[in-house]
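A.B. asks: sequence first, then the predicted structure, then my questions.
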Amino acid sequence: MKQMEIIEHVNYNCKICNKKYKTYQTLWKHNKNCHPVKIDENENKNDNKDDNKIKCKYCSRAFNFRNNKWKHEKVCKHKEQQNIIDENKQKELDLEFKKEELRIKKENIKQLKEETKILQLKIKLVLELEKIKLLQDTYLKKHKHTNYPEKNVIYMLTTEDNKKKRNYVIGKAINLTNCLSSYNKTAKHEVVYFKECKNEEDMNTIELMVLNKLKNYKEKADRDRFILPLEKDISFFTNVIDECVKFL
């Protein structure tokens, strides 16, 4: 009977060397001392354990119990949804930023065009002013009158074009320089001849005498412009002025 009881108790066999042990503890000590487990086997064993566990469907984290997994998934799902919301918000912000950036670029381009237009107008104005100044300088240089200090004079003047037509203006002036400035400035008037009188009264009398003597040579009855005859030279007019001055 004792042998039967011993045989019944020996039910723990080593899978590697087939030795038999009465208890699991003695088998475990045997395996630990005689058949140490390799690292790879431990890894496979751990892998097998993870395979048997319940994993989160959001982050694949493994759990031993469904209740733990369920609690974790509630939090994990919220985090996942929050991440999606945050990503969408970030995309919206990026889109708004790009829109604003594009708007600023368009405004800058518009402002640049306006500034360019204003600059072009300023340049055009400056060029116009320079052109006017150049014309004024050219005119003043071309039409700069000689200063005549004599007073109370009988004068004879003409323009380049009227000289070709043998037309001359004869008149009087207290100040010849000022008198020339009153003539049409589109053409330069040249003083051909002048004679100073003793005073203003003599000047007025001499003018009447000269105009009376040359009345037949007037271009028009109401104008003091005279036409020099083709057979005469300029001394024909100057001699008349000299004679009238000498007469007084």
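C.D. replies: Cool, the structure landed. Residues are numbered from 1 along each chain as shown.
A.B. asks: drop to CA atoms for contacts and neighbour counts, all remaining ones
C.D. replies: OK.
A.B. asks: parallel or antiparallel, list what pairs with whichever strand or helix holds Gly171.
C.D. replies: Assigned by DSSP states H and E, Gly171 belongs to strand 167-175. Pairing partners of strand 167-175, with direction, according to DSSP bridges: strand 151-158 (antiparallel), strand 225-227 (antiparallel).
A.B. asks: and of those strands, who's closest to Thr23?
C.D. replies: strand 151-158 (150.7 Å; C-alpha to C-alpha).
A.B. asks: just the helices in this structure please.
C.D. replies: 2-9, 24-34, 39-52, 66-142, 160-165, 176-181, 200-213, 235-247 (DSSP state H).
A.B. asks: go through those helices and name the closest to Val191.
C.D. replies: helix 176-181 (8.8 Å).
A.B. asks: what's that closest one packed up against?
C.D. replies: strand 151-158 (3 or more C-alpha pairs under 8 Å, 6 or more residues apart in numbering; DSSP states H and E).
A.B. asks: so the strand it packs on versus helix 200-213, what angle?
C.D. replies: When axes from the mean of the first three to the mean of the last three C-alpha atoms, to 10 degrees is applied, the directions of strand 151-158 and helix 200-213 differ by 30 degrees.
A.B. asks: what's strand 151-158 in contact with?
C.D. replies: Outside strand 151-158, the residues that touch it by C-alpha atoms under 8 Å, 6 or more residues apart in numbering are 167-176, 189-200, 203, 206-207, 241.
A.B. asks: same question for stretch 230-244.
C.D. replies: Ile154, Tyr193, Lys195, Ile206, Met209, Val210, Lys213, Leu228.
A.B. asks: okay, the closest residue to the fifth one other than its chain neighbours: pLDDT?
C.D. replies: It stands for Met209. Nearest non-adjacent residue to Met209, counting by C-alpha to C-alpha, 6 or more residues apart in numbering: Cys244, 6.6 Å away. Looking at Cys244, its pLDDT stands at 93.
A.B. asks: burial measure for Cys244, as a count.
C.D. replies: Counted with other C-alpha atoms under 10 Å, the neighbours of Cys244 add up to 17.
A.B. asks: that older thread, nearest to Glu150, out of the helices of the chain?
C.D. replies: helix 176-181 (7.4 Å).
A.B. asks: list the buried ones in the closest one?
C.D. replies: Leu176, Thr177, Leu180 (16 or more other C-alpha atoms under 10 Å).
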